[in-house]
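Novice: Starting from these lines, generate the structure:
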Amino acid sequence: QLQLVESGGGLVQPGGSLRLSCAGSGFTLNSFVIGWFRQAPGKEREGVSCISSDGSTHYADSVKGRFTISRDNAKNTVYLQMNSLKPEDTAVYYCAGDPYYYGLGSVYDYWGQGTQVTVSS
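Specialist: Numbering: from 1, shown residues only. Below is the predicted model of the structure:
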């Protein structure tokens with residue numbers, strides 16, 4: 001059974017950092033495009049970043065220069081390093097996987113359950 005499990009969320013002060021992890025089971029993560037999305041209360045889900053099987057990356061303008069997506073194929077895990085966090089980054093963060101689609105649209109086939117990130121002093 002193909003599963004994605006996020007971890008690493010929590011409470012952090014503005015300007016702080018967190019690293020989210022997306023672990024895959026039941027399939028090889030590096031054969032899929034993996035995306036990170038977030039949804040804040042009362043807002044639509046938005047794409048944050050994605051990474052292709054060959055390592056190409058793409059970021060939303062709102063996180064460019066602050067967030068970095070990466071893969072560890074040996075651990076079958078994709079990471080989202082988040083630096084210089086702002087209160088507006090507060091949301092539930094989801095990872096998603098798709099064998100073909102590369103982009104920030106919410107059309108991925110497989111989704112994790114999400115992890116809460118709260119940026120507050």
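
Novice: residues contacting the residue nearest the centre of the chain?
Specialist: For the chain, the residue sitting closest to the mean C-alpha position, by CA atoms, centre = their mean, is residue 36 at 2.6 Å. Neighbour list for residue 36: 20, 22, 47-50, 69, 78, 80, 93-96 [criterion: CB atoms under 8 Å, 6 or more residues apart in numbering]. C-betas here are computed from N, CA, C, even on glycine.

Novice: What of residue 25?
Specialist: By CB under 8 Å, 6+ apart, the contact list for residue 25 reads 1-3, 5, 76.

Novice: Now which of the residues you listed would you call buried?
Specialist: The neighbour count (16 or more other CB atoms under 10 Å) marks residue 76 as buried among the contacts of residue 25.

Novice: ok, the closest residue in space to residue 15 that isn't next to it in sequence to residue 21 distance?
Specialist: Counting by CB to CB, 6 or more residues apart in numbering, residue 84 is the residue found nearest to residue 15 once chain neighbours are left out, at 6.1 Å. Note on residue 84: its distance to residue 21, by CB to CB, to the nearest Å, is 20 Å.

Novice: In terms of neighbours, single out the busier of the two.
Specialist: Ranked by neighbour count (other CB atoms under 10 Å), residue 84 and residue 21 place residue 21 first, with 17 against 13.

Novice: how about the host helix or strand of that one: buried residues?
Specialist: Using DSSP states H and E, residue 21 sits in strand 18-25. For strand 18-25, a neighbour-count test (16+ other CB under 10 Å) marks 18, 20-24 as buried.

Novice: May I have that strand exported as PDB, CA atoms only?
Specialist: Listed next in PDB are the C-alpha coordinates belonging to strand 18-25 (Å, rounded to 0.1, in the frame of the first residue of the first chain):
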ATOM      1  CA  LEU A  18      11.800  23.800  10.900                       C
ATOM      2  CA  ARG A  19      12.500  20.900   8.700                       C
ATOM      3  CA  LEU A  20       9.500  18.800   7.500                       C
ATOM      4  CA  SER A  21      10.000  15.200   6.400                       C
ATOM      5  CA  CYS A  22       7.800  13.200   4.000                       C
ATOM      6  CA  ALA A  23       8.500   9.500   4.200                       C
ATOM      7  CA  GLY A  24       7.300   7.100   1.600                       C
ATOM      8  CA  SER A  25       6.300   3.500   2.100                       C
END
